[in-house]
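Engineer: Got a sequence here, can you model it:
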Amino acid sequence: EIVRMGAAKHWSIWEGSSVTLLPDRSVVDHFSDPHIALSIARIECHYFINGGFFKKDGELLDNVAHVHHLPAIIVQGRYDVVCPAESAYELHCAWPNSQLHVVPDAGHSALELGISAQLVTATNSFKQ
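Structural biologist: A predicted model of the protein is given here:
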């Protein structure tokens, strides 16, 4: 259990250190909490072992025709090292009814100001 917790904590600290463009001690501290660390490590290991929530690589792009008629707004941090901008661009190109918003001063975290602002704007744009 000690080895598992140590590995989980190291993984989670790395994750907390990489999700924001600029280092954010409060994010790293949160990810360092043993319960958070173990939860994050378990979830991410599950995704890695099981290919995320897709059955195969490329499944979203291969099946975008099923949803391409729907409007979509893709919000991507320019410096996201978790989900590369190339993936968002490829999805945008395959989804003709999508808009791509690249936030120039953000990484992966929805808590970064530019990302959260774009997500709120995107959500509000779908109000009826």
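Engineer: Please count neighbours and contacts with C-alpha atoms only from this point.
Structural biologist: Noted.
Engineer: The residue lying closest to residue 34 once chain neighbours are set aside sits in which helix or strand?
Structural biologist: Computed as CA to CA, 6 or more residues apart in numbering, the closest residue to residue 34 that is not its neighbour in sequence is residue 9, at 6.6 Å. Here residue 9 sits within helix 2-18, counting by DSSP states H and E.
Engineer: Now do that helix: everything it contacts.
Structural biologist: Surrounding helix 2-18, the residues in contact under the criterion CA atoms under 8 Å, 6 or more residues apart in numbering are 23-24, 27-34, 36-38, 40-41, 81-82, 107-108.
Engineer: Quick one: end-to-end distance for stretch 17-26.
Structural biologist: Its first and final residues considered, stretch 17-26 spans 10 Å by CA to CA, to the nearest Å.
Engineer: List the buried residues of that stretch.
Structural biologist: Buried positions in stretch 17-26, judged by neighbour count with 16 or more other CA atoms under 10 Å: 17-21.
Engineer: helices or strands next to the helix-or-strand element of the chain with minimal mean pLDDT in the packing?
Structural biologist: Among the helical and strand segments of the chain, the one scoring lowest on mean pLDDT, DSSP states H and E is helix 34-50, with a mean of 91. Other helices and strands packing on helix 34-50, by 3 or more CA pairs under 8 Å, 6 or more residues apart in numbering; DSSP states H and E, are helix 2-18.
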